[in-house]
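A.B. asks: Next come a sequence and a model predicted from it.
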Amino acid sequence: MFSFHALLKNNLVCLAGLASAALMAAAPWHGARAQGVLDVSLLAGTCLNCHVSDPKLATSIPVIAGKPEAVLKAQLLAYKSDQAPAGTTIMNRLAKGYSDDEIAALAAYFSKLDAKGIVPAGVKK
Amino acid sequence: MNTVPKFSRRRWLATAGQAALAAGWTISAPVFSQQSAGRVVVIGGGFGGATAAKYIKQRNPLIDVTLVEPAQKFYTCPFTNLYLGGLRTFEAQGHSFDELRSMGVKVLQDFAQSADGAAKTLKLAGGQTLAYDKLVLSPGIDFLWNKLEGYDEAASLLAPHAWKAGAQTTLLKKQLDAMPDGGTFVMVAPANPYRCPPGPYERISMVAHYFKTQKPKSKILVLDAKDAFSKQGLFLDGWKRFYGDMIEWVPANKDGNVIRVDAKNLSVETDFGKIHKAAVLNVIPPQKAGLIAERAGVSNKSGWVPVKPDTFESTQVKDIYVVGDATIAAPMPKSGFCANAQGKVAAAAIVNALAGKPAAAASWSNTCYSLVAPDYGISVAGVYQVADGKIVEVKGSGGVSPREASDTVRKLEALHGVAWYNAIARDTWGSGA
């Protein structure tokens, strides 16, 4: 069975290099998303349609709310790369829809989410 | 790692944080004012409407939000195919509005009769008139009765469409259960655009699963008004593998286009006059936006609703936002996932507009799983944004499951399908496993 965490452990070392190389080369934003008012919660909104925030409700799709920012970013960049991790189903097709900066912003945002899927009052956004 | 040329993540996050704060993203209400920050009425408690109502209230609890929905519970079309296949109960697709009520959304069990975009009022079947600052319509679909000759509402009681979840779905299930082994299930599949592009073919898969396990001598005939369909290669591969020669799919160019339905005799006639007789007949008729769209003046000659891509506000009537299957939002499909995503974009735009702020950059995605057999799932995905005033799929993103994927991946996609359903139901209505 494909495990999010095992996968991360196995890939983290090589990912660190890949991630920084990819970030340096990236255009900051995709098309018109760069021109509007930026609201990362809107960019992140549809992720919640598959990823529940409450660990008590965990399914075959991993919980991403409250996970470390660096882990989330590395995983998303791995999905976006042309060598998606073994066992990947759909995330490579989705990750390619976001620039590296958007991925970094999504990782930072999800790392702050609580089990209700919101940024708790008092946490710096 | 944090050094990004041109536009730093830190600066981006700071901007995003300010925007979110300005939009009242925090759950606790600001102490300086307890007055209403505006009146929003949402019509329709499905994926689009319930999501819009929830996210408006979540982004700014000071906005008065009223949801008008005739049903006490909303039953989703997604996963009713699994009910037809004998894999789920019908009730598992029902969702109440308890979470919305607990957030302070007023839920009116009523039917929206008409909307006056100039007066900004709405008339309900129960007699009440509601005034709004912003109106959200998520009316789903209605059927073009008799566009396919012989198929009207009365005919649907004999040959169900089951394309809105409810009595039609349970009727089709009863007919399948009562059908003797060796009968033929005939489906009439519609031309584009229609609700849920892969839906008819997942239904075929699930009926085939039911026949294989319960009535193995039965056959399935799909008469299609199209020459191609969503995830076609993946479905055809799966049908052959799991159901052998049980399923025959006839495209329009091979005389699959049905021009006449005789519901009393459970038969249909194609372009070239061929008559097909069914034991159970499922007609998915041509569709248009839900009735209120026409009455509010937001739909056009196509029967669907043109919207401004950034906000999903109607291009025809100011301050009316329309989301979900009723809209013209291609390349986004008419899916529950997209309705939810559009509900979030409209909610954010409305909250900003009521605060006198511009809309944030819109972003949508879609993920749609189909079950071909109990442990065999396939998917299609897409990521969308606005470019040059149009909705476009982000280049390089999206697509369907690879044709050569392993059984492990297919099984995982079957599991992810259930996980998706539970997650989106929880996101939209706060209920689900």
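C.D. replies: Yep, it's here.
A.B. asks: all helices of the stretch 1-150 of chain B, in order?
C.D. replies: B:9-22, B:47-59, B:80-84, B:98-102 (DSSP state H, counting those that start in this stretch).
A.B. asks: What count of nearby residues applies to the closest residue to chain A within the stretch 51-200 of chain B?
C.D. replies: Proximity of the stretch 51-200 of chain B to chain A (C-beta to the nearest C-beta) peaks at B:Gln58, 7.3 Å away. From N, CA and C alone the C-beta is placed, and that goes for glycine too. A count of neighbours around B:Gln58, defined by other C-beta atoms under 10 Å in any protein chain shown, yields 20.
A.B. asks: Repeat that for B:Gln109.
C.D. replies: Neighbour tally, B:Gln109, other C-beta under 10 Å: 13.
A.B. asks: Tell me the spacing between it and B:Glu404.
C.D. replies: Distance of B:Gln109 to B:Glu404, given as C-beta to C-beta, to the nearest Å: 50 Å.
A.B. asks: Which residue, other than its chain neighbours, is closest to B:Leu171?
C.D. replies: Nearest residue to B:Leu171 in three dimensions, chain neighbours excluded: B:Pro160, at 4.7 Å (C-beta to C-beta, 6 or more residues apart in numbering or on different chains).
A.B. asks: likewise B:Phe235?
C.D. replies: B:Tyr201 (4.7 Å).
A.B. asks: Do I have it right that that neighbour meets B:Lys231?
C.D. replies: Yes - distance between B:Tyr201 and B:Lys231: 7.0 Å, which falls inside the contact criterion (C-beta atoms under 8 Å).
A.B. asks: The two: which has the busier surroundings?
C.D. replies: B:Tyr201 (29 against 21).
A.B. asks: quick one: which helix or strand includes the more buried one?
C.D. replies: Per DSSP states H and E: B:Tyr201 is located in helix B:199-214.
A.B. asks: and B:Tyr421, that's in a helix?
C.D. replies: Yes - per DSSP: H, G, I helix; E, B strand; the rest coil, B:Tyr421 lies within a helix segment.
A.B. asks: Could you count how many residues lie near it?
C.D. replies: Residues lying near B:Tyr421 (other C-beta under 10 Å) number 24.
A.B. asks: For B:Gly343, see how far away the closest residue to chain B within chain A is.
C.D. replies: Per C-beta to the nearest C-beta, A:Gly97 is where chain A lies closest to chain B, at 2.4 Å. With distances taken as C-beta to C-beta, A:Gly97 is found 19 Å from B:Gly343.
A.B. asks: Confirm for me that A:Lys67 is in contact with A:Leu113.
C.D. replies: No - contact criterion C-beta under 8 Å: A:Lys67 and A:Leu113 do not qualify, at 9.1 Å.
A.B. asks: which of those two has more neighbours?
C.D. replies: Remark: of A:Lys67 and A:Leu113, A:Leu113 carries more neighbours, 23 against 18, as counted by other C-beta under 10 Å.
A.B. asks: quick one: that one and A:Glu69 touch, right?
C.D. replies: No - in this structure, A:Leu113 is not within contact of A:Glu69 by C-beta under 8 Å, at 11.2 Å.
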